[in-house]
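1. Sequence and predicted structure, then a few things I'm wondering about:
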Amino acid sequence: MAPRQGRQLQGRSRKSQLHIARIAQYIREQGQASAAQLSALLGLDAGTMSRYLRHMCGMGQIHLAQRHCTEPGRQRSALYALGEPDEEVDGWAELPPQVRRTACWPRGAARRDPLVAALFGPAQG
């Protein structure tokens, strides 16, 4: 789906319009991009880039293709892609590996951190 051009740029300065166009062009060329990549490309600080990305997501120009995920020892940025998100994609598939359903755990398998257990007692099944 092509991004809507009419209303998304209303009320934006010429400089903002150029930034938005360059963000869209870069994502179109690369497929996906992180906020850090886009900030480095345009020379903008993280807060400004975040506002541009939120605006573009709200207008349906881009969407969050992959959520931010941190794992022990490594960090992976959120990635943005052009267009609206695919409604058929299961949102749970995008969750980081640390997120697990506990309903299927064997009874008593969940343990509390020692400090939490000292404050609140052991986990109850």
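-> Yep, it's here.
2. What are the buried residues along the biggest helix by length in the chain?
-> Determined from DSSP state H, the single longest helix within the chain is helix 14-30. Buried residues in helix 14-30, counting neighbours by 16 or more other Cβ atoms under 10 Å, are found at His19, Ile20, Ile23, Ala24, Ile27. Every C-beta, even on glycine, is put in place using the N, C-alpha and C of the backbone.
3. Is the first one in contact with Leu41, as I believe?
-> No - with contact defined as Cβ atoms under 8 Å, His19 does not count as touching Leu41 (9.8 Å).
4. which residues of the chain score low on pLDDT?
-> Within the chain, the segments meeting pLDDT under 70 span 1-11, 67-76, 86-110, 125.
5. Strands along the chain, start to end?
-> Listed from the start of the chain, the chain has strands (DSSP state E) covering 33-34, 62-66, 69-71, 74-76, 79-82.
6. elements contacting the shortest one?
-> In this structure, strand 33-34 packs against helix 14-30, strand 79-82, with contacts taken as 3 or more Cβ pairs under 8 Å, 6 or more residues apart in numbering; DSSP states H and E.
7. what sits up against the last one?
-> Outside strand 79-82, the residues that touch it by Cβ atoms under 8 Å, 6 or more residues apart in numbering are 3, 24, 27-28, 31-35, 38, 53, 56-57, 61-66.
8. Can you select the buried ones among the residues you listed for me in ChimeraX?
-> Applying 16+ other Cβ under 10 Å to the contacts of strand 79-82, the buried members can be selected in ChimeraX as follows:
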select :3,24,27,33,34,35,38,53,56,61,62,65
